[in-house]
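1. Give me the fold of what follows.
(2 chains)
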Amino acid sequence: MFGAGGGTSSYQEIEETDVILLWGSNAREAHPIFFHHLLKGLDNGARMFCVDPRYTSSARFADVWVGIDVGTDIALANGIGREIIHAGLADQKFIDRSTQGFEAYAASVEPFTPDAVAAICGIPPEAVVEMAHAYATADKAQILWTLGITEHHNAVDNVLSLCNLSLLTGHVGRWGSGLVPLRGQNNVQGGGDMGAIPNKFPGFASVDDPDHRARFEAVYGRSLNPVPGWHLTLMFEAMERGDLRALYVIGENPADSEADVIHARAQLESLEILVVQDILMTRTAEMADVVLPASVAWAESNGTVTSSERRVQRVRPAVSPPGQARHDIDILCDMAEAMGAELGPRDPQDAWDELRGLSAMHGGMAWERLEAAGGLQWPCPDEDHPGSPLLHGWLWADDLEGHDPAPFSVLQHEGPTEELSNEFPLRLTTGRALDSYNTGVQSGNYDSPLRFAGLDLNPADAAALGIADGDLVRVCSPRGSVEMNARLVSSLPAGLAFTTLHQPELIDVNVLTNPDWDPKSGTAEFKAAAVRVELIEAPETAGASVG
Amino acid sequence: MSGVATETAVTIRVDDQEVAVPEGATILDACNAAGVDTPTICYGPTLTPVNVCRVCVVELDGSRALVPSCSRPAEEGMVVHTDSERVRHSRKMVLEFLATGVDLAQAEEMGQWAEHYGADPDRYVPGGETMNEPVRVQDNLYIRDYDKCVLCYRCVEACGDDAQHTYAISVAGRGFGARISTEFDVTLPDSACVYCGNCVAVCPTNALQFKTEFDLRQAADWRPEDQTVTQTVCSYCGVGCNLELHVQDNQIVKCTSPDDHDVTQGNLCIKGRFGWNYV
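-> Numbering: from 1, shown residues only, chains lettered A, B, ... in the order given. The predicted structure follows:
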C-alpha cells in the first residue's frame, strides 16, 4: 500500500493501540499468536470492533461485533468515511498535506448514509456511526484484515476502501496506528518480496521498467524478459486457451485449492506436461507426469522466511530429508543446468547475499545479523540500520520526504457477483479453522481432537429444510454439488452457510466456490457462492457414504 | 518510538554484591543480574507471579518475614540475603513438603535444588504419598499425570490472562484433593481446551507432558542427552513464530518456542505445537 507491498505496523503496536478494527479476519484461529498480541492490547484497554458475517471466536473478544452480509465491505467502509466527514472528525491537516483526491472521495461516499449502509449490510445504522466515531477520535487505531477482505472479486477495491479510512483520519505511519494485512502463509510476504510475482523482481522492482531490469541484467549477466508473466488465475485461462501447455508447480496444490476446482482439474489434465515439486503427495502431485520430491523448507533446509510484520527470519535444518528428497534450491539449479543455464549461487547464504545486492530494502540484512536478533524488519538498507518496525512515517513529514501524496480511491459497492436466487437461496462462505491449514496437506497429518468437517447452518434455516444436527446434506452451487454433514450453529446468521477448505478428501468444497476473480489481484471469490442445501438422510444411516 | 518508558536504575545489595536493575524489576531479577541462582517453581519468565510456592524466598533486612523474590519489586537500598540459615531452611522445607505429596521424579530442576538444600521428605512421610491416579491420556497430543502436579498454577496462568485467554482450566477442590481441573472435570476433548500446549510448555514437573515424550518415556527411549534443539520458523500462517525442534534419531520428538522471542514469548498454537509430524 502506498507504494510498498507490506503491512505498515509491528505486532507490538497492537498492544499499545486504542481502537482495533478487525475486518474479515478470524485471527483467533487463523493467526493465534498474533492474537495474543491483540489480547494484550485489549487487556491494556483497547476497544475492538470485529467486522465479520460470522460471530467468530475472534468476534467473541470484540466490544462490538458488526455482522455484515458477505461482500458488503465497501458499503460499510464508505459509510464510515461519510460519517467521519459529516461529523467533522476527518484530520483535515493530514488530508491537505499528505493525501490527494479527497474531494472526489468525499463526493463518492455521500450516498452511503448510515441508513443506506444499514440496508445494504444488514446491520443497525448505529453500528456505522459508532465505529466511525470510535475510529476517528482514537489517538491510535489499527485496521487489520485477512481473506474476508481479499477473497472477493473486488479484493483490491476492498483493501483500498480500508486505506481510505486511514487517510481520512491519519491512522497510518505512526506508532500504534496502521494498516495490517495478516499474511496467511509463513513466507507469502517473503515470496512477494523475492519477486515471486509475475510482474516483479526482488524488492518490488518492475519487470517492465527498463531501469529496474538493467540492474538485474547486470548481476545475472543476461537479458531478461520485459513482459510481465501470468498469475495463477491467468495461467488457468491460458491453459483453457491452449496457450499454456507445460506447468511446473512448486509447493502449491491447485488441484484442491482453486475455486471451481472441477474445472481447474480439467485444465491441469489437459496439460502436455505437469511437473510438481513438493514435500508430500498432494492431489496435484498425483496428476503430475513428473514429481520432484523436495525437502521441508523450514525443518530440513537453510534459508529465510518473512512474516506479516516484514520480519525476515532464519529457518534451519533440524532433521535430514528422507529418501530422494532434495533442497528446492538444488532442484531448481539442476533443472536450469539441464536446460543449459546457470542460476547462480546454490548456497542459501550466497544466494541471500546476491539478493541483498539487488534489493535495497534487504541491503543491510547480513546473514549474521539475521542469526543474531530474531530477524530484521524491512526496509533495512544498510548494516547500521536497525530495521523498520513501521512503514510510511513520511506521511507525517512536512515535505513528505519526496513522496507523492497518498491517493484516496473512489470505490463503488458491488456485492458478490453471484446473486442469491430461488434455486440457490443460501450464501456459502468458506474459511479457516484453528487446527488446520489450507488444503490440509500438512495439517491433516496430526491427530487433532478439534478437527471437524461439515457444513455450519443456522438452526432456523436447517429447520425450514428439515435438517437436524449431524444430518447428511447435499450442497449444490451452479458449478456442482458436494455431500457433507450439517452442524447447527446458533450464532451463524440466517441465510449464511459456512465450511472450511481443510479436508478436500472428505469435503471437496471448491467444487462449489465461485471462480469470478479480481482483475487487480487474481484472487477468486471464495467467500461468496450461492448454494442450495438438501437433506439426504438422517445420521444413523449416513456413516461411510460421506464424501 | 516504541513507547518503552525510560528506565531509572535501582541499586540493591544481594549478599555481598551491589546490583543495579531497572525500576520495576524484582528481587529475583536482581539476583539473576548478580549471578545468584534462585530456585523457582511457580515463577515463569513470561507469567505474572502468583506467589504460591514460596521456594524463591529471600531474607530482606527490615522485613519480619521472608519475602518471595519473584514478585517483590527491588527498592533502592534493599539488603537481601539469599543463602542465610533461614532462607536455606525455608527452601528446604518447601521442597520437602512438596515431595511428600507429589512424584517429582521428572522435575529435574526441583530435584537438583532438593539435593542442594539436603531436602529429605522421608522424615515426614516415608516413601511419600501421591494422589495415586492413573495418567490421563485422552488424546494423542498431551497427557496429564496428576501424581506429578505441585499446583504451581503456571498452566492456569498460561491458559488464562497471561497468554491464551482460553480459561479451560482452574484449581478445583480443597486440601489434598485440590487439583487443576477442566470445567466439571470433563475430558479434555469436551472442555474449552484448544490444544495450544502452552500449559505443557510451562509445567515444571512433567505433570503435563507431550504425548510423544510420554510414549518415548514409557518405552524407556526418552534420551535428552541424544537430542538436538534447532530454532526455526513455523510452517503455518504468516505470524513468524519461532520453533525449537527437539530431535532424537532424526525424528522431531517435541516442539517448544523460545521464551525470549518477542513474537511468541514461549507460546504456540495447536498447529505450531503439534502439526510437525508430516516432516
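2. contacting residues for residue B:226?
-> The contact partners of residue B:226, taken as Cβ atoms under 8 Å, 6 or more residues apart in numbering or on different chains, are B:248, B:249. Where C-beta positions appear, they are placed from N, C-alpha and C, glycine not excepted.
3. Which residues does stretch A:271-280 contact?
-> Contacts to stretch A:271-280, defined as Cβ under 8 Å, 6+ apart, come from residues A:239, A:244-251, A:253, A:268, A:282, A:284-285, A:287-297, A:325, A:328, A:331, A:441-442, B:278.
4. Just the buried ones among the residues you listed, please.
-> If you count burial by 16 or more other Cβ atoms under 10 Å in any protein chain shown, the buried members of these come out as A:239, A:244, A:247, A:249, A:251, A:253, A:268, A:282, A:284-285, A:287-288, A:291-297, A:325, A:328, A:331, A:441-442.
5. Which parts of the stretch 51-200 of chain B are strands?
-> Assigned by DSSP state E, counting those that start in this stretch, the stretch 51-200 of chain B shows strands spanning B:57-60, B:67-68, B:79-81, B:142-144, B:169-172, B:179-182.
6. Output the contacting helices and strands for the last one.
-> The reference is to strand B:179-182. Contact partners of strand B:179-182 among helices and strands, from 3 or more Cβ pairs under 8 Å, 6 or more residues apart in numbering or on different chains; DSSP states H and E: strand B:169-172.
7. Compute the number of surrounding residues for residue A:281.
-> 13 (other Cβ atoms under 10 Å in any protein chain shown).
8. Same question for residue B:218.
-> The tally of other residues near residue B:218 (other Cβ under 10 Å) stands at 10.
9. what about stretch B:151-163, near chain A?
-> Yes: Stretch B:151-163 reaches chain A (Cβ under 8 Å from any Cβ of the partner chain) through B:161, B:163.
10. Now that stretch - C-alpha only, PDB.
-> This file holds the C-alpha atoms of stretch B:151-163, laid out as PDB (Å, rounded to 0.1, in the frame of the first residue of the first chain):
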ATOM      1  CA  LEU B 151      -0.300 -27.000  41.900                       C
ATOM      2  CA  CYS B 152       2.000 -24.200  40.900                       C
ATOM      3  CA  TYR B 153      -0.700 -22.500  38.800                       C
ATOM      4  CA  ARG B 154       1.600 -21.900  35.800                       C
ATOM      5  CA  CYS B 155      -0.600 -23.900  33.500                       C
ATOM      6  CA  VAL B 156      -3.700 -22.000  34.700                       C
ATOM      7  CA  GLU B 157      -1.900 -18.600  34.100                       C
ATOM      8  CA  ALA B 158      -0.700 -19.600  30.700                       C
ATOM      9  CA  CYS B 159      -4.300 -20.800  29.700                       C
ATOM     10  CA  GLY B 160      -5.800 -17.600  31.200                       C
ATOM     11  CA  ASP B 161      -4.800 -14.000  31.400                       C
ATOM     12  CA  ASP B 162      -1.100 -14.400  30.800                       C
ATOM     13  CA  ALA B 163      -1.300 -15.700  27.300                       C
END
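11. same question for it, mean pLDDT?
-> Averaged over stretch B:151-163, pLDDT sits at 96.
12. Which ones among the buried ones among the contacts of stretch A:271-280 map onto helices?
-> When the buried ones among the contacts of stretch A:271-280 are checked against helices (DSSP state H), the matches are A:239, A:268, A:284, A:285, A:297, A:328, A:331.
13. Confirm for me that the last one is in contact with residue A:291.
-> Looking back up the chat, that one is residue A:331. No: between residue A:331 and residue A:291 there is no contact under Cβ atoms under 8 Å: 11.2 Å.
14. Take the strands of the stretch 51-200 of chain B and write them to JSON lines, including mean pLDDT and mean neighbour count.
-> Listed next are the strands of the stretch 51-200 of chain B as JSON lines, based on pLDDT from 0 to 100; neighbours: other Cβ atoms under 10 Å in any protein chain shown:
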{"stretch": "strand B:57-60", "mean pLDDT": "98", "mean neighbour count": "22"}
{"stretch": "strand B:67-68", "mean pLDDT": "97", "mean neighbour count": "21"}
{"stretch": "strand B:79-81", "mean pLDDT": "98", "mean neighbour count": "18"}
{"stretch": "strand B:142-144", "mean pLDDT": "97", "mean neighbour count": "23"}
{"stretch": "strand B:169-172", "mean pLDDT": "96", "mean neighbour count": "16"}
{"stretch": "strand B:179-182", "mean pLDDT": "96", "mean neighbour count": "19"}
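15. circling back to that earlier point, ok, of the ones in helices among the buried ones among the contacts of stretch A:271-280, which one's closest to residue B:146?
-> For these, the minimum distance to residue B:146 (Cβ to Cβ) is 40.3 Å, reached by residue A:297.
16. What is the nearest of the ones in helices among the buried ones among the contacts of stretch A:271-280 to residue B:92?
-> The closest of these to residue B:92 turns out to be residue A:297 (Cβ to Cβ; 50.4 Å).
17. Look up how far residue A:502 lies from the closest one.
-> The spacing between residue A:297 and residue A:502, counted by Cβ to Cβ, to the nearest Å, is 21 Å.
18. Restrict the buried ones among the contacts of stretch A:271-280 to those that also contact chain B, please.
-> Among the buried ones among the contacts of stretch A:271-280, proximity to chain B is found for A:296, A:297, A:441, A:442 (Cβ under 8 Å from any Cβ).
19. What residues does the stretch 51-200 of chain B have near chain A?
-> Counting by Cβ under 8 Å from any Cβ, the positions of the stretch 51-200 of chain B adjacent to chain A are B:138-141, B:161, B:163-165, B:188-189, B:194-196.
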